[in-house]
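Trainee: Compute the structure for the input listed below.
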Amino acid sequence: MRRLALAPLLAAIPIAALAEPLTFDAALDKAVRTAPSLQASEAGVEASRSEAVAAGRLPDPTLTVGVDNFPVSGPPAFTFGRDSMTMTRVGVEQAFPNSAKRNAQRSRAQATIGVAEADSAVEAQNVRLETALAWIDLYYAKRQLVQLDQLNDALGDLQATVSARLASGSARPSQALEPEQLRAAVEDRRAELRSAVAKARARLARLTGDPDADVTGDPPMLDVDGPALRAHVASLPRLQALDARARAAEADTELARADKRPDWRIGTSYGRRDPAYGDMVSVSVTIDLPLFGKRRQDPMIAARESDESKARLTRAAGERDLLAELDADLADYAMHLQQLTNARATLVPLAKRRAELDMASYAAGKLDLGSALLSTLALAEAEVDALAREAQVARDAARINYTYGGVQP
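Mentor: As a prediction, the model looks like this:
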């Protein structure tokens, strides 16, 4: 009965409110499925495909209705049946663009589809990358905050020790303030990390559509293979988009060249006259004459050829830029990885050993509390800094793989 009573209540709760924390892969999958920007890109692809259906087709025929040779002077003026040439006419005309133009139109439509698909792939890549970075930022900001929370709890235990020493007279009264001072300094860092958590959660919520976005599970283990990534550069969505634009520019050039070939039209009409004279049928063929190409078609062809050259040079420049960016990102990754190794192997162990020694000296009465607390704070800072370095390495690996590699969610 209780379950039955709660059922309507649970049904009224929004699905987002029941959402659970997302693993890394689940966050990527959800972002790709729900991102409005990706849906907009896919709609653009469908629009291009629909337009391609009509590309290169014959234009619609033209219907002509009129009156021919209607007299306006002389004895038969303003009459329909007194002049043998007066007739009402109905006709149909069909235009036939030259085959080169129609082929170029089809090629241009296919190139437009390619541009839309490439842009959609670029947007999907951007969504995956931004989601990966937001997840990583939230994960490590929360871990750093937990680290400082543990330090804050330890300071509470230390405060009780100082209070006991004050009661026994083995500590100066001013030493009672030192844990509180350190706790205030730690609180400043905690405030910074709470802000970082909120910002990362907001970014992840924007990308996944989950208003209470949170993370669970472990961060991704992404390998960084420089030679393989360099070999993969030519197939990246950014360069595929530039290739598609180069093909579109080539199709525009072919369209401009096709204007130098004549189009033609066929028309036929039926003219109805007074029964005393009989009806008439007319047939006509019209051919365009591109006789002044130097001042009309040739300048347009030259302009489109320049656009085509620009598109190909832009593509070549884009590949160079990507290779340079990849090398720079690989250098940053190597630097951050070395810094993380140094923190884990040297800085944190040394800070931990120093804090232990200073606390032992304080317990033996050989060191003042302030110095011992500074060592404890230095250890916490070293551990938080190590987590920050680990987060930077994870960010670098995600950025490299989701920008230059073929990683899929």
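
Trainee: Please enumerate the helices of the stretch 151-300 of the chain.
Mentor: 178-208, 226-231, 237-258, 297-342 (DSSP state H, counting those that start in this stretch).

Trainee: tell me the angle the last one makes with helix 237-258.
Mentor: The reference is to helix 297-342. Going by axes from the mean of the first three to the mean of the last three C-alpha atoms, to 10 degrees, helix 297-342 is angled at 180 degrees with respect to helix 237-258.

Trainee: what kind of secondary structure is the residue at the greatest distance from the centre of the chain in?
Mentor: What lies farthest from the middle of the chain is P75; by C-alpha atoms, centre = their mean that is 77.8 Å. Assigned by DSSP: H, G, I helix; E, B strand; the rest coil, the conformation of P75 is coil.

Trainee: could you measure it against D83, distance?
Mentor: Separation of P75 from D83 (C-beta to C-beta, to the nearest Å) stands at 9 Å. From N, CA and C alone the C-beta is placed, and that goes for glycine too.

Trainee: Report the secondary structure state of V72.
Mentor: Using three-state DSSP, the secondary structure recorded for V72 is coil.

Trainee: how about it, what does it touch?
Mentor: F78 (C-beta atoms under 8 Å, 6 or more residues apart in numbering).

Trainee: Backbone torsions only: list them for it.
Mentor: Dihedral pair for V72: phi -120, psi 0, per degrees, to the nearest 10.

Trainee: And for P211?
Mentor: Here is the backbone geometry of P211 (degrees, to the nearest 10): phi -70, psi -20.

Trainee: Go ahead and confirm it touches A205.
Mentor: Yes. Assessed by C-beta atoms under 8 Å, P211 is found in contact with A205 at 5.5 Å.

Trainee: more neighbours, the two?
Mentor: Of the pair P211 and A205, A205 is the one with more neighbours under other C-beta atoms under 10 Å, namely 17 against 13.

Trainee: I'd like the distance from the residue nearest to the more buried one when sequence neighbours are not counted to M359, if you could.
Mentor: Take A205 and drop its neighbours on the chain: the residue closest to it by C-beta to C-beta, 6 or more residues apart in numbering is A213, 4.2 Å away. Separation of A213 from M359 (C-beta to C-beta): 40 Å.

Trainee: Now the residue lying closest to R194 once chain neighbours are set aside: which helix or strand?
Mentor: Once flanking residues are discounted, R194 sits nearest to L145: 6.6 Å by C-beta to C-beta, 6+ apart. Using DSSP states H and E, L145 falls within helix 99-168.

Trainee: quick one, that helix and helix 237-258 angle?
Mentor: On the basis of the same axes, to 10 degrees, helix 99-168 is oriented at 160 degrees to helix 237-258.

Trainee: Let me know the angle separating helix 99-168 from helix 178-208.
Mentor: Going by the same axes, to 10 degrees, helix 99-168 is angled at 160 degrees with respect to helix 178-208.

Trainee: so what does helix 99-168 touch, helix or strand wise?
Mentor: In terms of contacts (3 or more C-beta pairs under 8 Å, 6 or more residues apart in numbering; DSSP states H and E), helix 99-168 is packed against helix 24-34, helix 36-54, helix 178-208, helix 237-258, helix 369-404.

Trainee: Distance to R265 for the ones you listed - can I get that in TSV?
Mentor: Shown next, in TSV, are these (distance: least, C-beta to C-beta, whole Å):
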stretch	distance to R265
helix 24-34	50
helix 36-54	19
helix 178-208	55
helix 237-258	16
helix 369-404	53
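
Trainee: Pipe these into JSON lines and attach mean pLDDT per row.
Mentor: Shown next, in JSON lines, are the helices and strands packed on helix 99-168 (pLDDT from 0 to 100):
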{"stretch": "helix 24-34", "mean pLDDT": "92"}
{"stretch": "helix 36-54", "mean pLDDT": "93"}
{"stretch": "helix 178-208", "mean pLDDT": "85"}
{"stretch": "helix 237-258", "mean pLDDT": "92"}
{"stretch": "helix 369-404", "mean pLDDT": "86"}
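
Trainee: List the residues that contact the residue nearest to R194.
Mentor: Here L145 is in contact with R190, L193, R194, V197 (criterion: C-beta under 8 Å, 6+ apart).

Trainee: how near is it to R190?
Mentor: Applying C-beta to C-beta, the value for L145 to R190 is 6 Å.

Trainee: so how many other residues sit close to the closest residue in space to A124 that isn't next to it in sequence?
Mentor: Taking C-beta to C-beta, 6+ apart, and ignoring the residues beside it in sequence, A124 has L38 as its nearest neighbour in space, at 5.8 Å. By the criterion of other C-beta under 10 Å, L38 has 18 neighbours.

Trainee: quick revisit: looking at the helices and strands packed on helix 99-168, which is nearest to H336?
Mentor: Closest to H336 of the helices and strands packed on helix 99-168 is helix 369-404 (C-beta to C-beta; 4.7 Å).

Trainee: Settle this for me: the residue nearest to A205 is touching L204, isn't it.
Mentor: Yes. The pair A213 / L204 is scored as a contact, 4.1 Å apart, by C-beta under 8 Å.

Trainee: Pick out whichever of those two has more residues nearby.
Mentor: For A213 and L204, the more surrounded residue by other C-beta under 10 Å is L204, and the numbers stand at 27 against 24.

Trainee: Please enumerate the shared neighbours of A213 and L204.
Mentor: L22, A27, L138.

Trainee: ok, now which ones touch the last one?
Mentor: The one in question is L138. L138 makes contact with V197, A200, R201, L204, A213, D214, V215, according to C-beta under 8 Å, 6+ apart.

Trainee: mind listing what the fourth one touches?
Mentor: Going back to what we said before, that points to L204. So L204 contacts L22, A27, T131, A134, W135, L138, D210, A213, V215 (C-beta under 8 Å, 6+ apart).

Trainee: which one of the residues you listed sits closest to S48?
Mentor: Of all these, T131 has the smallest distance to S48: 26.2 Å, by C-beta to C-beta.

Trainee: Cool, thanks, talk later.
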